[in-house]
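> Structure, please.
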Amino acid sequence: MSSAGHILDAINRMKNNRKQRDKNKFKGNDFPTMYSDSSKKQQLHFKELSGKALEVEKMKVRSKMMLQKRKMLKTVVIFVCIGIVVFALFLKFVNII
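Residues are numbered from 1 along each chain as shown. Now for the predicted structure:
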């Protein structure tokens, strides 16, 4: 039983590490107050848009998203085509050797 002391030492180190790990867990909403003065809270101010201006902004966002989707689709199609060509060349090369 010469290894019993080493095993107990390892068990004690694991217990101590577990205690330290549990003690230092993130405490949710306490994080922002650690580095700032809690008495100075800032309220966010958002712009208020009327009905017509809101619709115009929505259309701008929708059109921008459609352009991004088209660009992403084109990129994916190009890379898939390149992948197919490279795979076909690889198969052709393997069959020659």
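> shaky segments in the chain?
1-3, 22-41, 96-97 (pLDDT under 70).
> in it, which spans are strands?
For the chain, applying DSSP state E gives no strands.
> all helices of it, in order?
4-23, 30-35, 51-96 (DSSP state H).
> any chance of those in JSON lines, plus distance to residue 45?
C-beta: built from backbone N, CA, C; applies to glycine. What follows is these, written out as JSON lines (distance: least, CB to CB, whole Å):
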{"stretch": "helix 4-23", "distance to residue 45": "39"}
{"stretch": "helix 30-35", "distance to residue 45": "19"}
{"stretch": "helix 51-96", "distance to residue 45": "17"}
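> what's the closest of these to residue 44?
helix 30-35 (13.9 Å; CB to CB).
> re earlier: could the helices of the chain go into a markdown table alongside mean neighbour count and distance to residue 42?
What follows is these, written out as a markdown table (neighbours: other CB atoms under 10 Å; distance: least, CB to CB, whole Å):
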| stretch | mean neighbour count | distance to residue 42 |
| --- | --- | --- |
| helix 4-23 | 10 | 32 |
| helix 30-35 | 9 | 11 |
| helix 51-96 | 10 | 25 |
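> closest one to residue 43 among these?
Among these, the nearest to residue 43 by CB to CB is helix 30-35 (14.5 Å).
> Distance check, residue 53 against residue 63.
Residue 53 sits 16 Å away from residue 63, going by CB to CB, to the nearest Å.
> and if you look at residue 50?
In this view, residue 50 and residue 63 are 20 Å apart by CB to CB.
> Next: residue 47.
With the distance defined as CB to CB, residue 47 ends up 20 Å from residue 63.
> again with residue 81
27 Å.
> what's the answer for residue 12, then?
Taking CB to CB, one finds residue 12 at 64 Å from residue 63.
> got it, and residue 45?
27 Å.
> go on, residue 55?
For residue 55 relative to residue 63 (CB to CB), the value is 13 Å.
> cool, residue 70 as well?
11 Å.
> And residue 50, its phi and psi?
Residue 50 adopts backbone torsions of phi -80, psi 180, taken as degrees, to the nearest 10.
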